[in-house]
Every structure is written in structure tokens, then in C-alpha cells.
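Undergrad: below are the sequence and a predicted model for it; my questions follow.
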Amino acid sequence: MNNADGAELAAYYAKRAGTYEQVYDKPERQADLAVMKERVREALRDHQVLEIACGTGYWTEQLAQSAASVLATDINQEMIDVAKAKNLPADKVRFALADAFDLQTSDAFSACFAGFWWSHVKKQDQSAFLQQLRAKLGKDTYLVLIDNVYVEGSSTSIARTDLDGNTHQIRTLADGTRHEVVKNFPTDSALRKKMATTVKDIRILRLEHYWMLTGRLK
Ligand SMILES: C[S@@+](CC[C@H](N)C(=O)[O-])C[C@H]1O[C@@H](n2cnc3c(N)ncnc32)[C@H](O)[C@@H]1O
């Protein structure tokens, strides 16, 4: 990934750590959110999970209810501090700082989960991200991704589309600073096409506000 863009995305989320979970309060998303939580818990039941870009641990809390173990990682200590304050069961959940594009773990995992991360990976970086997962986690590792569907009136509007086809939003934080972030909203066929060489057994669930993709690394 372009380092400047990646650093800007990370810095934006570091500043947003304390207020991040407000995004889960949107009333129109509650019904879908309940379905997604149940699906995520079921999908990762009994797995040894590597969670990428865990943020405040909103989904780690769900994983902790059904997975065998979770290593929840994020690039920002500010996010991990919020997640740790949830006091999730220490015998199941560990946290570590990690760059999603440069994973350094030697542990064994049966599954990889990432919530609301894929949408921030630029189209030109997506294949490298998947290939790295395959190289570091191994063939047949179960992959579970969840992310947003664009919904007019609920989603932040798209400010521009770049030459590579990535869509960008302008986000304003409580301190008044404005941040342009990549936020892609792929169709099912775009997801399948992008993953065709690295992921098999792809299944996609699409609700009004969220999608969930499961598959196995080839
Ligand atoms: C949209 S939030 C998702 C947080 C959490 N997974 C959730 O669904 O609530 C994106 C997360 O990506 C993290 N992040 C940004 N760049 C990263 C990178 N290069 N490697 C790992 N995490 C990164 C941010 O700190 C932030 O926590």
C-alpha cells in the first residue's frame, strides 16, 4: 500500500478510538447488526482466530463468546487500549500491535477475521493483502470478512472515485479535523473476482447494511 495513505488512515483511526463505537449506535442498522453478530459467532465457533484491524474490540467481544482463542491485532495502540478495557476473558483473548500488511506472527491459526477492514484496502493492494494471508496463515485457513453496504442516507456520501476505482469519503472528527479515507463498497461479483485466485468455497451473505464473506485460503 502507499505508505502515506496507510499512515493517514491509521492516524485517522487513532484519533477516533474514543468515539469509534458510536458508528454501531445507528438505529437503522440494529436489526442487521444483531444478525451479523450471530453469524460471526457461529462462523468462528471453536476456531483459533487471528483478528486483523480489531479496533476497539467490538467484534472481538463476539468472537470471545464462541472461538477457542483470539489474537486481536490493530496498528493503533489507542484502539487496543479501548479493546483491553472491555476485560475480555484473558484465557481466550490476547491483543497485539500489528500492521495488516506486514503480519509477523508465528502462531498457528485456523481462521482469520477482519471487520470493516476490507473496505479500507485499496483495490491495487487487495491481492497482496490476500497473498500475504495465504503465505503466513497457510492453505485452508478459514477467512471471514464483514463490511458495509453503501446505503443512501445512512452511509457517509462518496466524495470522489480515484483512477484505480477506489471510492473516498471525507470524514470529520469531533475536533473539527477532516480526513479523506478510502472506503470501497464492492458488489458480490467484484469480491468473487478479486478473490478467485486466493480464496475458495466463497459464500457471501448480503443484508441491507452489511455483507459477510466466508471462504478458505487456496
Ligand atoms: C473501520 S475500523 C474497524 C475496527 C473493528 N474491526 C470494527 O469492525 O469495529 C478500521 C481499523 O483498522 C485499523 N488500521 C488502520 N490501518 C491499519 C493497518 N495498516 N494495519 C492494521 N490495522 C489498521 C484502525 O486502527 C482501525 O481500528
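TA: Happy to help now that I have it.
Undergrad: make it CA atoms for all contacts and neighbour counts henceforth
TA: Will do.
Undergrad: which parts of the chain are helices?
TA: Ranges of helices within the chain are 3-16, 30-43, 58-66, 77-84, 123-137, 188-195, based on DSSP state H.
Undergrad: so which of these is the most packed in?
TA: Mean neighbours per residue, mean count of other CA atoms under 10 Å, is largest over the helices of the chain for helix 58-66, with a mean of 21.
Undergrad: which residues does it contact?
TA: 21, 37, 40-42, 44-46, 51, 54, 70, 72, 83, 88-89, 92-93, 115 (CA atoms under 8 Å, 6 or more residues apart in numbering).
Undergrad: and the buried ones among those residues, selectable in ChimeraX?
TA: Buried members of these, defined by 16 or more other CA atoms under 10 Å, are picked up in ChimeraX with:
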select :37,40,41,44,45,46,51,54,70,72,83,88,92,93,115
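Undergrad: same list, the contacts of helix 58-66, but only the ones touching the ligand.
TA: On the criterion CA under 6 Å from any ligand atom, 54, 115 are the entries of the contacts of helix 58-66 that sit beside the ligand.
Undergrad: among the contacts of helix 58-66, which are in strands?
TA: Using DSSP state E, the members of these that fall within strands are 51, 70, 72, 93, 115.
Undergrad: for Gly57, see how far away the second one is.
TA: It stands for Val70. Distance, Val70 to Gly57, using CA to CA, to the nearest Å: 11 Å.
Undergrad: how about Ala174?
TA: Taking CA to CA, one finds Ala174 at 21 Å from Gly57.
Undergrad: what's the answer for Ile170, then?
TA: Taken as CA to CA, the span from Ile170 to Gly57 is 24 Å.
Undergrad: more neighbours: the two, which one.
TA: Applying other CA atoms under 10 Å to Ile170 and Gly57 shows that Gly57 carries more neighbours, namely 27 against 15.
Undergrad: of the ones in strands among the contacts of helix 58-66, closest to Arg206?
TA: For the ones in strands among the contacts of helix 58-66, the residue nearest Arg206 by CA to CA is Gly115; the value is 14.5 Å.
Undergrad: grab the nearest non-local neighbour of that closest one.
TA: Ile146 (5.0 Å; CA to CA, 6 or more residues apart in numbering).
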